[in-house]
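Participant: Sequence and predicted structure, then a few things I'm wondering about:
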Amino acid sequence: MVPTIVLGVLGWRHRALADDGVIFLRTVRQILAGNGPVLNVDERVEANTSTLWQWLLVLLGAITPGDLGFVAVMAGLVLTTAGVAVALDATRRLYTEPAGRLLLPAGVLVPLAVPVFWDYATAGLDTGLGTFWLAGCWWLLVRSRGGTSAGRACADSVWYGLGVLVRPDLALVTGVFLVGALLVARPGRGACVARIAAASALPIAYEVFRAGYYGLLVPMPALTKEAGTSDPGRGMRYLWDFTAPYVLYVPALLFLAVLAAWSIRSRTDRRKLVVPLTPIVSALVVTVYVINLGGDYMHARMLLPAMFLALMPGLLLPATRWTSPVAALVGVWAVACVGPWHPAAYHGHDASTTARVRESDIRITGTSNADHTRDWVLTFPGLRESTAAGLAANRPVLVRLGPDGRPTTMLPLNPDHAPARVSIPGGFLGVTGQVVPLDQYIVEVWGLANTVGAHLEYTPGWQHKWPGHRKLIDDVWLLALELDPAMHELPPPGVPGVTPENLAAARHALSCGDLKELLDSTRAPLSPSRFLRNLAGSHHRTTLRIPRDPVAAEHKFCGDRPK
């Protein structure tokens, strides 16, 4: 209980709501308002990667009064601390069954000493839910050593299968834990099939819904980040940016020594190693995937599950002549390398590949504990002014924002967005979703929740941009989608770089072939036939890419432009 309480206190002291966490809240509010799991009421887009976190917030929002952002903060903190407690209990069971013995805190000192672990406990993101799910997998695997009934084994498999619904990349952990559970139990072929079916049932059911409702096989942020691409050089820098300031290779080397000792002691029965090796192998698989993907723009976030998994068998260590020094050295590392006197562990070590989200959010909001949505809303007066001005206009308008968030130009809005009266570009999508009313339209400009933007090819020089922010939608495509086609003053005022020719090409491309079908899959009324067409074409749409040059896109989707 002591490490759990300490982590809870540290998480509370660092509590904050990140803008990316606020993104979830608009979809949650749309669901609670009866509009479905969408960002905008007239477009079916899956803006969030964690299905379970989104629906958990829906449940909490329906039964909990007060600010939904604070609810997300507290839910993340509770799930993180509960996850650490469950994982500790599993490790205790690993060493104290069948005979009890004294245990020493070892690996648990690592999340207590790494500030970024506390930061993401309350960022409003799915990290806390992921920690709890991982801990549950570990607890179930340890419990299964003593044998289990067929029904309970299938129930355990259902839990393992939730990984892809927590985060798509955690499907890798699901696979490793399922294999580990099967190796521990050694069931017959029929029982294996039953366990795999139990693990797959909910993910497959949701995948059918996703393909039919959204028309894609993956959440839109996964499409935007091109999750199937490879950028290992950037991924290695992302890994180093996490390990270097916290000197994480010291506890890693210590635990490798412990693992080697376990292997030697278990040479007569290698099956005993299956349980402790399962989370370690999971950690390696996740780390390799993150490195190959190129990491993330958020400092350390994608690697926290791997760190937690790798620590699980060593969160506690039995007091012996060879483990006691390891626990003591980890304690020395925790105090010496990541204490408050070690500033690199807290700030000042940004690499070009990551952003310290907590620090940037403190600079933006002016408070170290921005744990309510109002803390973000009050920080963007220009955005509130722009929204109010757009709603007060005498016609539906697309509002062009200046660097300060205040309106620079108001252009006539495409009537396809009726009855919305205002369309606002959302650079900070989370706070924009809080300011702009649910029945008005947001243009997500990074492609993370924009049907056309997500399918665009990378921007020129994308190698130097943060992962997930490499598909900034060009003005010509934004205007082709949002500007009233009846507007005759072209190029529109205040939008440099857009010509009548490339705007006409972009509009024509949007009306042709696969690109028109892509828009229809999200904007056409959801009838049974539309659901089935979405389902049947989901793979093709997921792999569809749009040339960034409107003329090239017009040629691809429409053929030669008519004379």
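Facilitator: The structure has been received and is ready for your questions.

Participant: How far off centre is stretch 165-181?
Facilitator: Its chain's C-alpha centre and that of stretch 165-181 lie 16 Å apart, by CA atoms, centre = their mean, to the nearest Å.

Participant: quick one: average pLDDT of that stretch?
Facilitator: The average pLDDT for stretch 165-181 rounds to 96.

Participant: How about stretch 533-542?
Facilitator: Averaging pLDDT along stretch 533-542 gives 96.

Participant: For residue 394, give its distance to residue 412.
Facilitator: Distance of residue 394 to residue 412, computed by CB to CB, to the nearest Å: 11 Å. In this view, the C-beta of every residue, glycine as well, is placed from N, C-alpha and C.

Participant: Give me the buried stretch members for the strand or helix carrying residue 69, please.
Facilitator: Using DSSP states H and E, residue 69 sits within helix 68-96. Within helix 68-96, the residues that count as buried by 16 or more other CB atoms under 10 Å are 68-91, 94-95.

Participant: Summarise which helices and strands that helix is packed against.
Facilitator: When contacts are defined as 3 or more CB pairs under 8 Å, 6 or more residues apart in numbering; DSSP states H and E, helix 68-96 packs onto helix 2-13, helix 19-32, helix 51-63, strand 103-105, helix 127-143, strand 316-318, helix 373-377.

Participant: Now do it against helix 51-63, angle only.
Facilitator: Orientation check (axes from the mean of the first three to the mean of the last three CA atoms, to 10 degrees): helix 68-96 against helix 51-63 gives 120 degrees.

Participant: any idea how far helix 68-96 is from the chain center?
Facilitator: The chain centre lies 19 Å from the centre of helix 68-96; the measure is CA atoms, centre = their mean.

Participant: again, but for stretch 156-164
Facilitator: Using CA atoms, centre = their mean, the offset of stretch 156-164 from its chain centre is 18 Å.

Participant: what's the first-to-last distance across it?
Facilitator: 15 Å (CA to CA, to the nearest Å).

Participant: And for that stretch, what's in contact with it?
Facilitator: For stretch 156-164, contacts defined as CB atoms under 8 Å, 6 or more residues apart in numbering pick out 52, 133, 136-137, 140, 144, 148, 170-174, 177-178, 181, 195-196, 198-203.

Participant: Mind giving me the PyMOL command for buried ones among these?
Facilitator: In PyMOL syntax, the buried subset of those is picked out as below (16+ other CB under 10 Å):
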select buried, resi 52+133+136+137+140+144+148+170+172+173+174+177+178+181+195+196+198+199+200+202+203
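
Participant: re earlier: report the angle between the helix holding residue 69 and helix 19-32.
Facilitator: 110 degrees.

Participant: Quick one: work out the angle between helix 68-96 and helix 127-143.
Facilitator: Helix 68-96 and helix 127-143 are oriented at 20 degrees to each other (the same axes, to 10 degrees).

Participant: about what we covered before: please work out which of the helices and strands packed on helix 68-96 is packed deepest.
Facilitator: Comparing those by mean neighbour count (mean count of other CB atoms under 10 Å), helix 127-143 ranks first with a mean of 25.

Participant: and that helix, what's its mean pLDDT?
Facilitator: Computed over helix 127-143, the mean pLDDT rounds to 97.

Participant: And the very next helix or strand once past that helix, what's buried?
Facilitator: Downstream of helix 127-143, the next assigned helix or strand under DSSP H and E is helix 150-160. Neighbour-count burial for helix 150-160, counted by 16+ other CB under 10 Å, picks out 153, 154, 156, 157, 159, 160.

Participant: Return the distance of helix 150-160 from the chain's centre.
Facilitator: A distance of 26 Å separates the centroid of the chain from that of helix 150-160, by CA atoms, centre = their mean.

Participant: Now tabulate the buried residues of helix 150-160 in CSV and tack on pLDDT.
Facilitator: As requested, the buried residues of helix 150-160 are exported to CSV (pLDDT from 0 to 100):
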residue, pLDDT
153, 93
154, 95
156, 95
157, 96
159, 97
160, 97
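
Participant: quick check, nearest of these to residue 476?
Facilitator: Of all the buried residues of helix 150-160, residue 476 sits closest to residue 160, with 46.4 Å by CB to CB.

Participant: how close does the closest one get to residue 198?
Facilitator: Residue 160 sits at a distance of 9 Å from residue 198 (criterion: CB to CB).

Participant: where does this protein have low pLDDT?
Facilitator: Low-confidence segments of the chain (pLDDT under 70): 97-100, 265-270, 340, 342-353, 462-465, 488, 491, 494, 560-563.

Participant: Spell out which residues make up each domain of it.
Facilitator: Taking automatic domain parsing as the reference, the chain has its domains at 2-360, 380-558.

Participant: Can I get these in a markdown table including distance to residue 369?
Facilitator: Below are these laid out as a markdown table (distance: least, CB to CB, whole Å):
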| stretch | distance to residue 369 |
| --- | --- |
| domain 2-360 | 6 |
| domain 380-558 | 17 |
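
Participant: Can you check which of those gets nearest to residue 373?
Facilitator: Closest among the domains of the chain, using CB to CB: domain 2-360, at 3.8 Å.

Participant: can you give me the end-to-end distance of the closest one?
Facilitator: OK, domain 2-360 end separation, CA to CA: 31 Å.

Participant: Ok, stretch 221-231 next?
Facilitator: Start and end residues of stretch 221-231 are separated by 17 Å (CA to CA).
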